[in-house]
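Visitor: requesting a structural model of the entry that follows:
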Amino acid sequence: MHFSRFSIGAAVVGLAMGIVGCGGTQTGDMSGYSTGSRSLDTSSVTPATSLSAATLGAKYLPLITGRAGFAAGFTVSSFSGQADRDLGKPPTNPDAEIAYNGKAVNAMLQDIAGTGANVVRLRLFPKLSGLKLDASGLVTGLDDAFQKNLMDLIDRAEANKLQLYLCIGATWTDVPSAKDPIVDSNARNAYFKKAVTPLISKLKGRAGVFAIDIDDEIESTIAGKDGNGTDKGVTWDQARSYVKSTLDFVKSVDPQRLVTCSSGLHGADNVKAGKFSKLNLDFYDIHVFDDKGLLPVAKDLRLDRPIIVGNGGQSSKKPDADVQAKADISLLQNAQKQGYAGAILSEYGKNPDSALSLLEKDGKHRPVLSQFQSFVVSLDPTSGPFGLPGK
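Guide: Below is the predicted model:
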């Protein structure tokens, strides 16, 4: 069964379409999170220290109306089933046919909005799709079709009262000729000037953008036991320098845009250890896959910013509707109860072989989505969005 966004009842319609009324909570102006010096701290990384609630403001983040609330939604790896051609052309195949279909995208966004979700997370450059490269492997710009389709996608998200959480990290090793901006200064300058600048400029002021994720699970590029578990990759110092300089560059174009860098592979460990501290990120993002949906209490992480679960679900690989429902709903409930600013489930797609897929092969909802809807309702939107006190 699919949900109509208008079938949830007045309370949830107000929830999904309004996200308003958060008296005493933080507003859309996040400039207070990014003031002060942005010089890179190259000293030894130490565990994060805690600031008081009064210093931080609310633990929640602004949603589409600029009011704060609990972010609940889904990751979408692909709208078409062909991620590297969803929005633009892969640089390795400039003659490829782009798979973007506005009507199909809109239908999926309507379906997502009907569950009561408010945030959709997606990667913009899978296999460097949407980026143009020169013969030396440097970025020369954004694909024209990519830019057009991304703007259409944002328009449709806004029309459905959804926000897009956009990861701009690219897996540079997907294209052997590409130079990696994490370690190559010329590649970094080219990427910033030719891709990041025009992209963030186009996104500036768009209510349909929740935040920018600098790199999806950056640990996968970092060598060592607290990285990708191998001796191949960059160092934490290199990764942190890249994250800091990217954040500064994004903020130079759009100071009000929320920016983070997601932590994956090790749950909350690296965030708790301070690996993402002192970078002026606007919030922290951890990815958690656990059959029991377990999470550490947010305050025990002693962080100076809000934290969300930016991607999560069950850990077991075998598709099982019961395991999926228990894992996903426990994750949502634990995030809400234990002080997180939101939780995003993986994966709003219809891959029958994936234990994380929230849709059947024919597009029908797996049982967990009915429970997701119930979770949203249980947060009592009559007292304010997602259970936050109203004015």
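
Visitor: kindly state the beta-bridge partners for Gly342.
Guide: Ala71 (DSSP bridges).

Visitor: what secondary structure does Gly363 sit in?
Guide: Following DSSP: H, G, I helix; E, B strand; the rest coil, the label given to Gly363 is coil.

Visitor: give me the neighbour count for it.
Guide: 12 (other C-beta atoms under 10 Å). From N, CA and C alone the C-beta is placed, and that goes for glycine too.

Visitor: doesn't Lys350 make contact with it?
Guide: Yes - counting by C-beta atoms under 8 Å, Gly363 does reach Lys350; the two are 5.5 Å apart.

Visitor: residues in contact with Asp285?
Guide: Residues counted as contacts of Asp285 (C-beta atoms under 8 Å, 6 or more residues apart in numbering) are 213, 260-263, 307-310.

Visitor: if you set the cut-off to 7 Å instead, what comes out?
Guide: Counting by C-beta atoms under 7 Å, 6 or more residues apart in numbering, Asp285 makes contact with 213, 260, 262-263, 308, 310.

Visitor: can you tell me how far Gly141 is from Tyr191?
Guide: 11 Å (C-beta to C-beta, to the nearest Å).

Visitor: those two: who's more crowded?
Guide: Remark: of Gly141 and Tyr191, Tyr191 carries more neighbours, 25 against 17, as counted by other C-beta under 10 Å.

Visitor: model confidence for that one, exactly?
Guide: pLDDT for Tyr191: 97.

Visitor: which parts of the stretch 51-200 of the chain are helices?
Guide: 53-56, 102-114, 144-159, 185-191, 197-203 (DSSP state H, counting those that start in this stretch).

Visitor: Ala178 contacts Gly137, correct?
Guide: Yes - assessed by C-beta atoms under 7 Å, Ala178 is found in contact with Gly137 at 4.6 Å.

Visitor: ok, these two, which is more surrounded?
Guide: A count of neighbours by other C-beta under 10 Å puts Ala178 above the other of Ala178 and Gly137, at 23 against 18.

Visitor: which residues does the more buried one contact?
Guide: 128, 133, 137, 172.

Visitor: would a markdown table of these with pLDDT and distance to Ser354 be doable?
Guide: Conversion of the contacts of Ala178 to a markdown table gives the following (pLDDT from 0 to 100; distance: C-beta to C-beta, whole Å):
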| residue | pLDDT | distance to Ser354 |
| --- | --- | --- |
| Leu128 | 96 | 23 |
| Leu133 | 96 | 31 |
| Gly137 | 96 | 32 |
| Trp172 | 93 | 25 |
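
Visitor: from those residues, which land in strands?
Guide: Counting by DSSP state E, those place Leu133 in strands.

Visitor: only whichever of the contacts of Ala178 are buried, select them in PyMOL.
Guide: To isolate the buried members of the contacts of Ala178 in PyMOL, using 16 or more other C-beta atoms under 10 Å:
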select buried, resi 128+133+137+172
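
Visitor: ok, so what distance separates the residue lying farthest from the centre of the chain from Val196?
Guide: Distance from the centre of the chain peaks at Ala135, with 31.6 Å (C-alpha atoms, centre = their mean). Separation of Ala135 from Val196 (C-beta to C-beta): 21 Å.

Visitor: and Asp86, how far from Leu247?
Guide: Applying C-beta to C-beta to Asp86 and Leu247 gives a distance of 25 Å.

Visitor: more neighbours, these two?
Guide: Each of Asp86 and Leu247 has its neighbours counted (other C-beta under 10 Å); Asp86 has more, 27 against 22.

Visitor: surely that one touches Ala99?
Guide: Yes - between Asp86 and Ala99 a contact is recorded at 6.0 Å, counting by C-beta under 7 Å.

Visitor: reformat the contacts of Asp285 as CSV; add pLDDT, secondary structure and distance to Asn118.
Guide: Shown next, in CSV, are these (pLDDT from 0 to 100; DSSP: H, G, I helix; E, B strand; the rest coil; distance: C-beta to C-beta, whole Å):
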residue, pLDDT, secondary structure, distance to Asn118
Asp213, 98, strand, 17
Thr260, 97, strand, 17
Ser262, 96, coil, 18
Ser263, 96, strand, 22
Ile308, 97, strand, 12
Gly310, 97, strand, 14
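
Visitor: just the buried ones among those residues, please.
Guide: By 16+ other C-beta under 10 Å, the contacts of Asp285 give 213, 260, 262-263, 308, 310 as buried.

Visitor: count of neighbours near Gln82?
Guide: Neighbour count of Gln82, defined by other C-beta under 10 Å: 16.

Visitor: per-residue confidence at it?
Guide: 92.

Visitor: again, but for Lys59
Guide: For Lys59, the model assigns a pLDDT of 80.

Visitor: could you report the neighbour count for it?
Guide: Residues lying near Lys59 (other C-beta under 10 Å) number 20.

Visitor: without its sequence neighbours, what residue ends up closest to it?
Guide: Pro306 (4.9 Å; C-beta to C-beta, 6 or more residues apart in numbering).

Visitor: separation between that neighbour and Ala68?
Guide: 9 Å.

Visitor: nearest spatial neighbour of Leu203, chain-adjacent residues omitted?
Guide: Distance criterion C-beta to C-beta, 6+ apart; nearest residue to Leu203, sequence neighbours excluded, is Val209 at 5.1 Å.

Visitor: quick one: neighbours of the closest residue to Glu158 other than its chain neighbours, just the number.
Guide: By the measure of C-beta to C-beta, 6+ apart, the closest residue to Glu158 outside its immediate chain neighbours is Gly208, 3.9 Å from it. Counted with other C-beta under 10 Å, the neighbours of Gly208 add up to 21.
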